[in-house]
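Colleague: here's a sequence, model it:
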Amino acid sequence: MVTSSCGTVVEAFWSGQGAQGSGCPVERRTSGRLGLFLRHSWRWPTALLVAGAVVALAGCSSQAPSVQPDGTGSGGTGGTSTATSGGASPVGTDQEITFAAGQVTVHGSLRMPPNATGPVPAAVLLAGSGPTDRNGNTPSVPGTIGTLSSLADVLAAHGVASLRYDKLSSGATGLGPYASDPASIGYTDFLDEARGGLGFLAGRTDIDTGHLLLLGHSEGALIALSVAAQPAPGQPAVAAVGLLESPGSRYLDLISSQIVQAMPTLVAAGRMNAGEAETVTQALPTAVSTLRTTGSFPAGLPTLLQQSGLSTVNAHFLYQADQADPVQLAAALPAGLPVLTTCSQADQQVPCSEMAKLDAALSAATLTPVTMTTADHALKDEPPGMVASSISDLAFSAELPPALASWLASVTA
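Modeller: Numbers count the residues shown, from 1 in each chain. Alright, predicted model coming up:
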């Protein structure tokens, strides 16, 4: 497990505060969405997938720092750069691009495979929740995660182009027209981004439009399911879907189960007493049922639930996202559609029981299920007993690339 001086207690990071008495620094937060499915075991010993949609904190910028096409940090945009994977040989070339998604101008990187001589298959890479940029990094997790940039490397090495982008609230995209009212951002805005990405790829002569893929990680897998199962008018056809560490439960159900599971650890760590934990547990079902029926949370929710994202500012996003039932969406995919699902026994955030729900609903699809053993939720190798100072020290999964490459070969031939 990766540990840090602040990793021995469950931190109230979702409220921007270090753990009481821990001496841990206050987390710097940019305006945007807090992550739902990005809670890494190196930092938070319980799989606390709380916080949800749009959180605008006083004193925070309305736009996160821009990201260079190669992911090297803040700076200018435009042009191309050679992409590398952890110091390895270059794997294709990144080109800085923009595309429209409703009123939002989305900034991203188009990765072309090396030595491409004609139209090539391409995938839209969909990030997990939170203010996650085109490379899979987020301000809520110190260090380089690089989930999407690593996936782009794998795809490029096997002749598949990819589009990854700074999702709304992150990177060069920022909050755009929602800067003055981030609470109005909904789940459908992220579907618009994914569909805009498909449209961008479909409009290029160097892309094989008969082989357009969606490859979603965590919450991005839920978005992939929504886009593929409920195509909008004029949406380019999706040839295959990859669901990496995907939730199999509705949004609020998964949040609820993880809040309840976290209570004993919070009590043991001295973060709350047993009475406070009981108050949270009893208030949670009412909060969920009220949001589902009215689109709003009831007044007077316990502070912890509000800090966990069950608050007014997040209500619109959560109300929409919770209506996207992964099992129903999976069952509604076109018959015969190639679908890859992955889970890992080392994923403390979304267990393999979630993938099992999807796999059962995908009986009409051409399903390729993959179960890994050492990949954590961010698709980093985290074998039992491993100790590292930060997530940056963990290598990208060694288990996923061979399985992904085999699946790509079968769906792009």
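Colleague: buried stuff in stretch 339-346?
Modeller: For stretch 339-346, burial by neighbour count (16 or more other C-beta atoms under 10 Å) applies to 339, 340, 341, 342, 343, 344, 346. (C-beta placed from N, C-alpha, C; glycine too.)
Colleague: how about the nearest residue to the first one, chain neighbours excluded?
Modeller: Residue nearest to residue 339 in three dimensions, not counting chain neighbours: residue 365, with 4.4 Å by C-beta to C-beta, 6 or more residues apart in numbering.
Colleague: measure stretch 96-108 end to end?
Modeller: With C-alpha to C-alpha, to the nearest Å as the measure, the first residue of stretch 96-108 is 6 Å from its last.
Colleague: same check, this time on stretch 152-169
Modeller: 21 Å.
Colleague: max pairwise distance over the buried residues of stretch 339-346: which two?
Modeller: Across the buried residues of stretch 339-346, the longest distance by C-beta to C-beta is 22.5 Å; it joins 339 and 346.
Colleague: before we move on, the earlier item: save the buried residues of stretch 339-346 as CSV, and put in distance to residue 310 too.
Modeller: Shown next, in CSV, are the buried residues of stretch 339-346 (distance: C-beta to C-beta, whole Å):
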residue, distance to residue 310
339, 31
340, 32
341, 29
342, 29
343, 26
344, 28
346, 28
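Colleague: show me which of the residues you listed is closest to residue 264.
Modeller: residue 346 (21.6 Å).
Colleague: surely the closest one meets residue 383?
Modeller: Yes - assessed by C-beta atoms under 8 Å, residue 346 is found in contact with residue 383 at 7.3 Å.
Colleague: what touches both of the two?
Modeller: Contact with both residue 346 and residue 383 is made by residues residue 374, according to C-beta atoms under 8 Å, 6 or more residues apart in numbering.
Colleague: shaky segments in the chain?
Modeller: Residues of the chain meeting the criterion pLDDT under 70: 1-90.
Colleague: give me the most central residue, it.
Modeller: Compute the mean C-alpha point of the chain, and by C-alpha atoms, centre = their mean the closest residue is residue 128, 0.2 Å away.
Colleague: gap between that residue and residue 180?
Modeller: With distances taken as C-beta to C-beta, to the nearest Å, residue 128 is found 26 Å from residue 180.
Colleague: and the contacts of the strand or helix carrying residue 224?
Modeller: Applying DSSP states H and E as the criterion places residue 224 in helix 219-229. Applying C-beta under 8 Å, 6+ apart, the contact partners of helix 219-229 are 36-37, 125-129, 190-191, 194-195, 198, 214-216, 235, 238, 241-247, 251, 321, 324, 326, 329-330, 332-334, 337.
Colleague: filter these down to the buried ones, PyMOL style.
Modeller: Buried residues among the contacts of helix 219-229 (16+ other C-beta under 10 Å), as a PyMOL selection:
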select buried, resi 36+37+125+126+127+128+129+190+191+194+195+198+214+215+216+238+241+242+243+244+245+246+247+251+321+324+326+329+330+333+337
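Colleague: what does the longest helix seen in the chain contact?
Modeller: Ordering each helix of the chain by length in residues (DSSP state H) puts helix 274-294 first. Contact partners of helix 274-294, identified using C-beta under 8 Å, 6+ apart, comprise 252-253, 256, 259-260, 263-264, 266-267, 272, 296-298, 301-302, 304-305, 310, 315, 318-319, 322.
Colleague: at 10 Å what do you get?
Modeller: Residues from elsewhere that reach helix 274-294 (C-beta atoms under 10 Å, 6 or more residues apart in numbering): 250-253, 255-257, 259-260, 262-267, 271-273, 296-306, 308, 310-311, 314-315, 318-319, 322-323.
Colleague: any idea how far stretch 154-167 is from the chain center?
Modeller: Distance, stretch centre to chain centre, for stretch 154-167: 16 Å (C-alpha atoms, centre = their mean, to the nearest Å).
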